[in-house]
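> Need a 3D model of the following:
(one chain, ligands or ions: 3)
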Amino acid sequence: MEKSNLDIVKAALERFQISGEIVEIRPFGNGHINDTFRIVSNEQGVGKTAYVLQTINSLIFRKPAHVMSNIEKVINHLKKKITDPRGTLEIIPTDDGKTFFMDEYGNYWRMYRFIEDAICIETLENTEDFYECGVAFGKFQHDLSDFPAEELIEVLPDFHNTAKRYENFLKAVKEDKVGRAERAKEEIDFIMKRADFYSLLAKAHSEGKLPLRVSHNDTKTNNAMLDKATHKALCVIDLDTIMPGFSVTDFGDAIRSGATTAAEDEKDISKVDFRLDMFSAFAEGFLTGTGGQLENSEIMLMPEGAKMMTIECGMRFLTDFLEGDTYFKTKYPDHNLVRCRTQLKLVLEMEQNFDKMKEIVLKFCK
Ligand code: ADP
Ligand code: GN1
Ligand code: MG
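Ligands and ions are numbered 1, 2, ... in the order given. The predicted structure is shown next:
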């Protein structure tokens, strides 16, 4: 971290209700959206306490106050049900008792207590861990089933409206702002060939098969925390996108990130395969976590949810590639194209295994 940046972080820290001497400040995690730091303070007689300090990406979340209002309400609701301090995120207030503040450079800062002795897994290897991620995300949806959805502000409208995402994608292809479309011809064709699919979930909703539920909307594996020693589910983090949504999009986004043999940005596409055993394990964990609240019509649409979230994510990576990498954090020029390719490979293999996915979820119906 450059000194000037470090000074900005240090100045931000002064604004939060923490005590003791700061003994550690370091960039942390692999999120694509926010800037995250791990902070440790040491207080005489108390010892060390760790925190997570984040800037909220205000290019994406145009009204950080709305994001924090949602998060605060949801955490307060969860706290009524969960006594384990590692069972939910906890906001550290600012010196004036707020949930965030804006510094002189326009950065929006917030702080959480660091969830200790926990892991979040970027690329999962075994079905047991993915089952536990399923329990964490399913339980989250269950714990919020009695939350008054009308109190939530839709911070990113149409976030999982895949048909709308497809329109944006077509616009990006047409405009080809940075002259990259020629290089992504194959991927563009792949996405266009499936145009009829993108309104399937919205249609199921209008037919009464998919109720709106308070959802997490960003259920990738590294947003679920497991206990370091036992690998049991602890809680879910990254609550920026809590909004009404579908159970099957929370399910599907986790499948796209976890039911795979390789990282989201694996360059060697031959290493990327869809894992049916992982699909089954997560389905079982998720349905255990949701505690039987899902309708059979939702359970039966879980394979479609998985394919939808995977192709939507591929489409989003490609749109960002075509627009010049303005949304997701990237480490090199083709990063978004590489990410898009892994997602499309997974989609293809999901299509090849679709009957098997349907058989698996049928077994979970009531
Ligand atoms: P992004 O929206 O950029 O993904 P996250 O809120 O998911 O931001 O944070 C990025 C990473 O930081 C997470 O994947 C996780 O590794 C870590 N992290 C975030 N909050 C906590 C927390 N309270 N305790 C421990 N680790 C955390
Ligand atoms: C982003 O914030 P993070 O890294 O958990 C994105 C998700 C994508 C994901 C792809 C707010 O998730 O929607 O599925 O990257 N979050 C937002 O890895 O756009
Ligand atoms: Mg995250």
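> what sits against the one residue in the stretch 201-350 of the chain that gets nearest to ligand 1?
The nearest approach of the stretch 201-350 of the chain to ligand 1 comes at Asp238, 3.4 Å away (C-beta to the nearest ligand atom). All C-beta spots, glycine's among them, are computed from the backbone N, C-alpha and C. By C-beta atoms under 8 Å, 6 or more residues apart in numbering, Asp238 lies in contact with 31, 216, 218, 223.
> top helix in the protein by residue count?
helix 302-323 (DSSP state H).
> can you tell if the helix or strand just after that helix touches ligand 2?
Next along the chain after helix 302-323, taking DSSP states H and E as the criterion, comes helix 335-352. No - using C-beta under 6 Å from any ligand atom, helix 335-352 stays clear of ligand 2, coming no nearer than 7.3 Å.
> Mind giving me the packing neighbours of helix 335-352?
Here helix 335-352 touches helix 185-193, helix 302-323, going by 3 or more C-beta pairs under 8 Å, 6 or more residues apart in numbering; DSSP states H and E.
> Counting neighbours, which of the contacts of Asp238 comes out on top?
His216 (27 neighbours; other C-beta atoms under 10 Å).
> List the contacts of Phe37.
9, 25-28, 52-54.
> again, only using 7 Å
Phe37 makes contact with 9, 25-28, 53, according to C-beta atoms under 7 Å, 6 or more residues apart in numbering.
> any chance of those residues in CSV, plus secondary structure, distance to ligand 3 and neighbour count?
Supplementary listing: the contacts of Phe37 in CSV, determined by DSSP: H, G, I helix; E, B strand; the rest coil; distance: C-beta to the ion, whole Å; neighbours: other C-beta atoms under 10 Å:
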residue, secondary structure, distance to ligand 3, neighbour count
Val9, helix, 19, 21
Ile25, strand, 20, 16
Arg26, strand, 17, 11
Pro27, strand, 14, 11
Phe28, coil, 11, 16
Leu53, strand, 15, 22
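> quick one: the helices in the chain?
Remark: helices assigned in the chain by DSSP H are 3-13, 64-79, 127-143, 162-175, 185-193, 200-206, 247-258, 276-289, 296-300, 302-323, 335-352, 354-364.
> Lowest mean pLDDT across these, which one is that?
Mean pLDDT per stretch puts helix 3-13 lowest among the helices of the chain, at a mean of 88.
> residues making contact with that one?
22, 25, 37, 39, 53, 103, 105, 109.
> residues contacting the second one?
With contact set as C-beta under 7 Å, 6+ apart, Ile25 has these partners: 6, 9, 37, 39.
> can the longest helix of the chain be found next to ligand 1?
No - using C-beta under 6 Å from any ligand atom, helix 302-323 stays clear of ligand 1, coming no nearer than 13.8 Å.
> what packs against that helix?
For helix 302-323, the elements it packs on are helix 162-175, helix 185-193, helix 200-206, helix 247-258, helix 335-352, helix 354-364, judged by 3 or more C-beta pairs under 7 Å, 6 or more residues apart in numbering; DSSP states H and E.
> So what's the gap between the third one and the chain middle?
Think helix 200-206. Put simply, helix 200-206 sits 22 Å off its chain's centre (C-alpha atoms, centre = their mean, to the nearest Å).
> How about that helix, which residues are buried there?
Buried residues in helix 200-206, counted by 16 or more other C-beta atoms under 10 Å: 200-202, 204.
> same thing with the last one?
Neighbour counts over helix 354-364 (16+ other C-beta under 10 Å) mark 357, 360-361, 364 as buried.
> go on, the second one?
Neighbour-count burial for helix 185-193 flags 187-188, 190-191 (criterion: 16+ other C-beta under 10 Å).
> would you list the contacts of Asp238 in CSV and tack on pLDDT and distance to ligand 3?
Formatted as CSV, these follow (pLDDT from 0 to 100; distance: C-beta to the ion, whole Å):
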residue, pLDDT, distance to ligand 3
Gly31, 86, 4
His216, 98, 11
Asp218, 97, 6
Asn223, 96, 5
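> Give me the subset of the residues you listed that also touch ligand 2.
31, 218, 223.
> mind checking how far the residue nearest to the second one when sequence neighbours are not counted is from Val67?
By the measure of C-beta to C-beta, 6 or more residues apart in numbering, the closest residue to Asp218 outside its immediate chain neighbours is Thr241, 4.6 Å from it. For Thr241, the distance to Val67 under the criterion C-beta to C-beta, to the nearest Å works out to 9 Å.
> same thing with Arg194?
From Arg194 to Val67 the distance is 32 Å (C-beta to C-beta).
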